[in-house]
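**Q** sequence and predicted structure are below.
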Amino acid sequence: MSVFIAPSVLAADWGRLHEQIRLAEQAGADWLHLDVMDGHLVDNISFGPAFCECVARVATVPLDVHLMITRPDLYWQRFAKLAHNITIHVEADCDVAATLAAIRAAGCSAGISLKPGTPFARLEPFLGAVDLVLVMTVEPGYGGQPFMPEMMEKVRAAADRKRSGGFAYRIEVDGGINAKTGALSLEAGADTMVAGTSVFGATDMAAAISALRK
Ligand code: DX5
Ligand code: ZN
């Protein structure tokens, strides 16, 4: 699988949203990552469907929507038209399997994610029903936090189970990803990298993205 880089719009300057999206795309972004937070599943509130629609109006690359919300079953449909992928959390308070199936039935790809404190084994029942496994490499809620290297164990587990189970999901990492931690993630088996601060905070976004790809 070729490596995908998904800059996280959470770290962009929202006052210059259009320009920031163009810059990220010209710099080589494969996807744009959208972090939706509800203040319940995570300790922060970010943005919702209306903001994502603004992004969708200008973006030309596929949108990767990360729903850090307790009830994705009630809200995923609001993102279905604009998203290429919709990822929900295994810690959500809903029927996760049914929600993943509904996302796929709507024509989106479906992802499952887990927080740092949740063991990889919790994903086992869903591995055959997802297109993406998102391993959080920070406690979700805020950009700019330090990468947790101990999460590489889960990336390796995702890669091992993918091989042994004959699954086709992408393996994405999210949180504290830069050239150095991105290399560790690739080595562990990740193929998709979310990067907020290291891309939108860079003076040369194209250099930051190509450093991640290597
Ligand atoms: C964290 C979010 C991330 C965040 C990553 O809660 O899920 O997508 O934007 O930001 P950086 O790359 O700055 O850690
Ligand atoms: Zn995210």
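**A** That came through fine. Ligands and ions are numbered 1, 2, ... in the order given.
**Q** can I assume Ile5 is in contact with Gly28?
**A** Yes. Counting by CB atoms under 8 Å, Ile5 touches Gly28, with 6.9 Å between them. C-betas here are computed from N, CA, C, even on glycine.
**Q** those two: which is more packed in?
**A** Ile5 (24 against 18; other CB atoms under 10 Å).
**Q** coming back round to it: so what sits against both of Ile5 and Gly28?
**A** Ile209, Arg213 (CB atoms under 8 Å, 6 or more residues apart in numbering).
**Q** tell me where the protein has strands.
**A** Listed in chain order, the strands of the chain (DSSP state E) span 4-7, 32-37, 63-68, 85-89, 109-114, 132-136, 170-174, 192-195.
**Q** including distance to Pro49 and mean pLDDT, could the ones you listed go into CSV?
**A** Converted to CSV, those look like this (distance: least, CB to CB, whole Å; pLDDT from 0 to 100):
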stretch, distance to Pro49, mean pLDDT
strand 4-7, 19, 98
strand 32-37, 8, 99
strand 63-68, 9, 99
strand 85-89, 12, 99
strand 109-114, 18, 99
strand 132-136, 20, 99
strand 170-174, 20, 99
strand 192-195, 20, 98
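**Q** for Ser185, find the nearest of those strands.
**A** Across the strands of the chain, Ser185 has its closest neighbour in strand 170-174 (4.4 Å, CB to CB).
**Q** now the phi/psi pair for the residue in the chain that ligand 1 sits nearest to, please.
**A** Ligand 1 sits closest to Gly196 of the chain, with a gap of 2.9 Å, by CB to the nearest ligand atom. Main-chain dihedrals, Gly196, degrees, to the nearest 10: phi -100, psi -80.
**Q** how many other residues sit next to it?
**A** Gly196 has 24 nearby residues by other CB under 10 Å.
**Q** before we move on, what about Lys180?
**A** 12.
**Q** list the contacts of it.
**A** Taking CB under 8 Å, 6+ apart, one finds nothing in contact with Lys180.
**Q** before I go, just wanted to say thanks for your time.
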